[in-house]
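**Student:** need a 3D model of the sequence below.
(one chain, ligands or ions: 1)
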Amino acid sequence: MSAPPRILSIAGSDSSGGAGIQADIKTITMLGGYAMTAITAVTAQNTRGVQGVEVMDPDLVLDQVASCLDDIGADAVKIGMLGSPEIAMLLAERLDSFAGPIVFDPVMVATSGAGLASEATIAAFGALMDIATIVTPNLPELAALTGRETLAEEDIYDVAGELAAKHDTIILAKGGHGEGGEVIDRIVSASGKIGSFGHARIDTRHTHGTGCTLSAALATLLGHGQPLTHAVRLARAFIYAAIENAPGFGEGHGPLGHQAVRSGS
Ligand code: PXL
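**Tutor:** This is a model prediction of the structure:
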């Protein structure tokens, strides 16, 4: 058996196991990767909301990253919840020399509506977008990153293209928060549209951790050496299968069924 791709997830912990580091470990493992973690914050959380947060010391976050990269090494990195502007800035500096793909999910708000990044932390996202291979905002995040209150459907390509150009990266603008029966995800570079994927919207409240899962899947598939557009296609297939297989836990926004996704489904 060939060695699995080594994937480092830098993200927050979700005690309820649906999002954050826990979703990432499940996703990376199910997709045949070897999961490593650097925890930025610990949340007390369930499907109803976030009951408590403690942000890690920035030095300890960097130590976790160094412990992984200096010994085992990584084929791809995923960055999620950051916890503080200091952590964001230090990570951007540390990962500037990382040679593999970096997937940055600019997490701002949990599916439950709880805030997961302060304004100062969001202001520091630029440095991470500068070093990211691909950034995966949902539509409210794309609006916030480009200084807009709202974003009209017809402006998504232009706005995402401007952001891609500003940070020399690729934007995957996720359409889950859009209107209509079809969810459209668009991949955009500085020079315009690369591709788009549509999927019938699934009527469900069990979407806790979808953003984390998609970005971790993308990092794992890029770590496997899949080309970017195909990695997005496969990561979307994984997430829709995980939504279809959600176990229905909790009284709020329940977790996905990562463990139930079989290869080929
Ligand atoms: O999906 C956003 C997210 C990221 N990180 C942590 C989370 C969540 C959503 O709940 O809990 C730790």
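**Student:** got a list of what the residue in the stretch 101-250 of the chain that the ligand sits nearest to touches?
**Tutor:** As assessed by CB to the nearest ligand atom, the ligand sits closest to residue 110 within the stretch 101-250 of the chain, at 3.3 Å. For every residue, glycine as well, the C-beta is placed using N, CA and C. Residues near residue 110 by CB atoms under 8 Å, 6 or more residues apart in numbering: 19, 45, 49-50, 116, 208.
**Student:** also residue 52?
**Tutor:** 43-44.
**Student:** that one in helix, strand or coil?
**Tutor:** strand (DSSP: H, G, I helix; E, B strand; the rest coil).
**Student:** following the helix or strand containing residue 172, which helix or strand shows up next?
**Tutor:** Assigned by DSSP states H and E, residue 172 falls within strand 170-173. Per DSSP H and E, the first helix or strand lying C-terminal to strand 170-173 is strand 182-189.
**Student:** and that next one, what's buried?
**Tutor:** Neighbour-count burial for strand 182-189 flags 183-189 (criterion: 16 or more other CB atoms under 10 Å).
**Student:** let me see the mean pLDDT of it.
**Tutor:** For strand 182-189, mean pLDDT rounds to 96.
**Student:** same check on stretch 219-226?
**Tutor:** Stretch 219-226 comes out at a mean pLDDT of 98.
**Student:** now do the helices in the stretch 51-200 of the chain.
**Tutor:** For the stretch 51-200 of the chain, the helices defined by DSSP state H, counting those that start in this stretch occupy 58-71, 85-95, 119-123, 125-131, 139-145, 156-167.
**Student:** quick one: which of the ones you listed has the weakest pLDDT on average?
**Tutor:** When I compare those, helix 119-123 is least confident, with a mean of 90.
**Student:** is any part of it close to the ligand?
**Tutor:** No - judged by CB under 6 Å from any ligand atom, helix 119-123 makes no contact with the ligand; its nearest approach is 12.3 Å.
**Student:** residue 7 belongs to a strand, doesn't it?
**Tutor:** Yes - per three-state DSSP, residue 7 lies within a strand segment.
**Student:** partners of it in the sheet?
**Tutor:** Assessed by DSSP bridges, residue 7 has beta-bridge partners residue 35, residue 76.
**Student:** how many neighbours does it have?
**Tutor:** Neighbour count for residue 7, taken as other CB atoms under 10 Å: 33.
**Student:** quick check, it in contact with residue 72.
**Tutor:** No - using CB atoms under 8 Å, residue 7 is not in contact with residue 72, being 10.6 Å away.
**Student:** what's the overlap in contacts for these two?
**Tutor:** 34, 36.
**Student:** pretty sure residue 76 sits against residue 98.
**Tutor:** No - when contacts are counted by CB under 8 Å, residue 76 is not listed as touching residue 98 (9.3 Å).
**Student:** who's more crowded, the two?
**Tutor:** The neighbour comparison of residue 76 against residue 98 (other CB under 10 Å) goes to residue 76, with 27 against 16.
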